[in-house]
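Participant: Next comes the sequence, and after it the predicted model I'd like to discuss.
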Amino acid sequence: MEWSDSWRGAFRIELRAEAIGLAWRGWPVLPGTYPAGLRWEGRDGARNEGPVPVHQDWAQRVGTDPEHVASWWSGRPYTLLVATGFVVDAVEVGGELGRRTAAALRAAGVPVPIAATPTGRWLFLTASDPADHGSPSRSELSEHPDVVLHGRGSWIPLPPSPFQHGVVHWRVKPQVCGWQLPHIDVVRDALLSACRKDEAMVGQPLAASRAA
């Protein structure tokens, strides 16, 4: 996808509005690098496969007030990142497992905010609780080869963040859930239910999460 100056300008305005709205709700918003040609603009040495926080000291900027958040997007179309481990955590899975998990949640009648990236990853947002970060639920999920847990020390991109070949989008908007984030057990139960229905998942090796 070619990101012309006009497109960048339009995305910057939309990203700024979304960032301000989330900051007013207390979500720890951060600016992230954005695609420009074959590289990610906004920070030297940023990885090419996805956005990273613009500021090296991003962890110290968590909790920045909405007015200051607005200033971050005054000139550049930074991606919209949310630091996890404070208000929001996330369970990240691949597209196929994401679809099955979402179907299990629908069948249970439990709405959960879900975002998806252009790279085929699904993000199930959950409530952050430091007391849960060593819980059996997190340990069980972290052992799955297609699961990445985002907690303290990590971040996630949220809509409408641009990637090299598309934008992050909502599968289920937070408004559908009344902005109520579920406990991680809700997503765990749906994910394990989805895995039990797929024999291909049985017997696969275990992998550790990126962040807990």
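Facilitator: Yes, it's here.
Participant: What is the neighbour count of Thr64?
Facilitator: For Thr64, the neighbour count with other C-beta atoms under 10 Å is 16. Bear in mind the C-beta positions are built from the backbone N, C-alpha and C, glycine included.
Participant: Let me see the contact set for it.
Facilitator: Neighbour list for Thr64: Ala23, Pro28, Val29 [criterion: C-beta atoms under 8 Å, 6 or more residues apart in numbering].
Participant: Name the member of those residues with the most neighbours.
Facilitator: Most surrounded of those: other C-beta under 10 Å gives Val29, at 28 neighbours.
Participant: So it is in contact with Gly21, correct?
Facilitator: No. Taking contacts as C-beta atoms under 8 Å, Val29 lies outside contact range of Gly21: 9.3 Å.
Participant: Quick check: closest non-adjacent residue to the residue minimising distance to the centre of the chain.
Facilitator: The chain has Ile156 as the residue nearest its centroid, 3.2 Å off, counting by C-alpha atoms, centre = their mean. Computed as C-beta to C-beta, 6 or more residues apart in numbering, the closest residue to Ile156 that is not its neighbour in sequence is Ala90, at 4.8 Å.
Participant: and that neighbour, bridged to which residues?
Facilitator: Leu125, His150 (DSSP bridges).
Participant: Quick check: next helix or strand after the longest helix belonging to the chain?
Facilitator: Longest helix of the chain, by residue count under DSSP state H: helix 5-24. Per DSSP states H and E, helix 5-24 leads on to strand 29-32 as the next helix or strand towards the C-terminus.
Participant: Tell me the one of the contacts of Thr64 nearest Phe124?
Facilitator: Among those, Pro28 lies closest to Phe124 (C-beta to C-beta), at 18.1 Å.
Participant: Show me what the lowest-mean-pLDDT helix or strand in the chain packs onto, helices and strands only.
Facilitator: None of the helices or strands of the chain scores lower by mean pLDDT, DSSP states H and E than helix 136-142, at a mean of 76. Here helix 136-142 touches strand 147-150, helix 184-196, going by 3 or more C-beta pairs under 8 Å, 6 or more residues apart in numbering; DSSP states H and E.
Participant: coming back round to it: isn't the residue nearest to Ile156 right next to Phe124, touching?
Facilitator: Yes. Between Ala90 and Phe124 a contact is recorded at 6.5 Å, counting by C-beta under 8 Å.
Participant: shared neighbours of the two, anything?
Facilitator: Common neighbours of Ala90 and Phe124 are not found (criterion: C-beta under 8 Å, 6+ apart).
Participant: just checking, Thr117 touches Pro159?
Facilitator: No. With contact defined as C-beta under 8 Å, Thr117 does not reach Pro159; the gap is 9.7 Å.
Participant: which residues are common contacts for those two?
Facilitator: Common neighbours of Thr117 and Pro159 (criterion: C-beta under 8 Å, 6+ apart): Val168.
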